[in-house]
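> next come a sequence and a model predicted from it.
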Amino acid sequence: MRLLARCDLTVDCPRPCPVVAMLRPRSGLAQWVVSERYALDTGQRPREYEDAFGNACQRFLAPAGRTRIAVRSEVEVDERLAVDADAAPTPVDLLPDQVLVYLLQSRYCPSDKLEDQARAIAGQAAPGYAQVEAIRAWIRAHHAYRYGVSTVNTDALDTMAAKAGVCRDFAHVGVALCRALRIPARIVVGYLYRLDPMDLHAWFEAFVGGRWYTFDATQEEARGGRIVLAYGRDAADVAFLSNYADLEVVDMQVGVERVDG
């Protein structure tokens, strides 16, 4: 399916502010970027680089006052998610080098403290994909999707204690529990077609059966129609906007529509 995603951001800075944005998708395994437009109303041309996780990052200096960032991305994506209930865990010694980092505990995913809970949650599920699906289903069944519960400092343990959070919190719990079972897992940020209410969205992926699979505890069933903007160990790696001086996001409008008829 072909999707057109738009993101319009207005930021306000009291003084010039260095910014790194992650708002441009890249072509990859499950998506192909057909066309795109990325513009700042200041006329600046961002400088782009690739971070340690393969994400496209745009650097620019936002001037004092308001700056509007407008992004349009037309992307071919999978209409249905890949599912393989029989996918076995990939032995650690056979993992690709770049996947190993996703076994480690991180700021928001303290997996080293969760092994007993992860094994209890996975229960009698077969090792691999089935364990990850058991984790996804447990998160959805035992956590309420609720705004205002979490802060920028909330980690997976906090979310499990509160039994509530938003998409990034659900993703952190999934990532942490998977890593506790020695299954590589990473957070993903992007767009989800027909998300309600529409916004940038977060979910997680787990590496089993020699490849990455998508899991989303905010959704009742596996849903395709996803445009990936960034991958990382946790939310610290995938912020859509990182500012290095005072900056306020005063308006943000996100939309996704299907354009292939």
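Nice, thanks for sending it over.

> using the three-state scheme, assign L177.
Secondary structure, DSSP: H, G, I helix; E, B strand; the rest coil: L177 is helix.

> ok, it - contacts?
Counting by C-beta atoms under 8 Å, 6 or more residues apart in numbering, L177 makes contact with S111, L114, Q117, A118, I121, A122, I135, A156. From N, CA and C alone the C-beta is placed, and that goes for glycine too.

> just give me the neighbour total for Y213.
Residues near Y213, counting by other C-beta atoms under 10 Å, number 20.

> on that earlier part again, same list (the contacts of L177) but as JSON lines, adding distance to E257 and neighbour count.
Below are the contacts of L177 laid out as JSON lines (distance: C-beta to C-beta, whole Å; neighbours: other C-beta atoms under 10 Å):
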{"residue": "S111", "distance to E257": "37", "neighbour count": "22"}
{"residue": "L114", "distance to E257": "39", "neighbour count": "22"}
{"residue": "Q117", "distance to E257": "40", "neighbour count": "15"}
{"residue": "A118", "distance to E257": "38", "neighbour count": "21"}
{"residue": "I121", "distance to E257": "37", "neighbour count": "21"}
{"residue": "A122", "distance to E257": "38", "neighbour count": "22"}
{"residue": "I135", "distance to E257": "32", "neighbour count": "28"}
{"residue": "A156", "distance to E257": "33", "neighbour count": "29"}
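
> tell me the SS of L100?
From three-state DSSP, the assignment for L100 is helix.

> so how far is K163 from it?
In this view, L100 and K163 are 32 Å apart by C-beta to C-beta, to the nearest Å.

> helices of the protein, start to end?
115-122, 129-142, 156-162, 167-180 (DSSP state H).

> contact partners of the shortest one?
Applying C-beta under 8 Å, 6+ apart, the set of residues contacting helix 156-162 from outside is 108-111, 113-114, 117, 143, 149-150, 154, 165, 169-170, 172-173, 175-177.

> now the strands for the stretch 1-150 of the chain?
For the stretch 1-150 of the chain, applying DSSP state E, counting those that start in this stretch gives strands covering 2-13, 17-21, 31-40, 47-50, 56-62, 65-77, 144-145.
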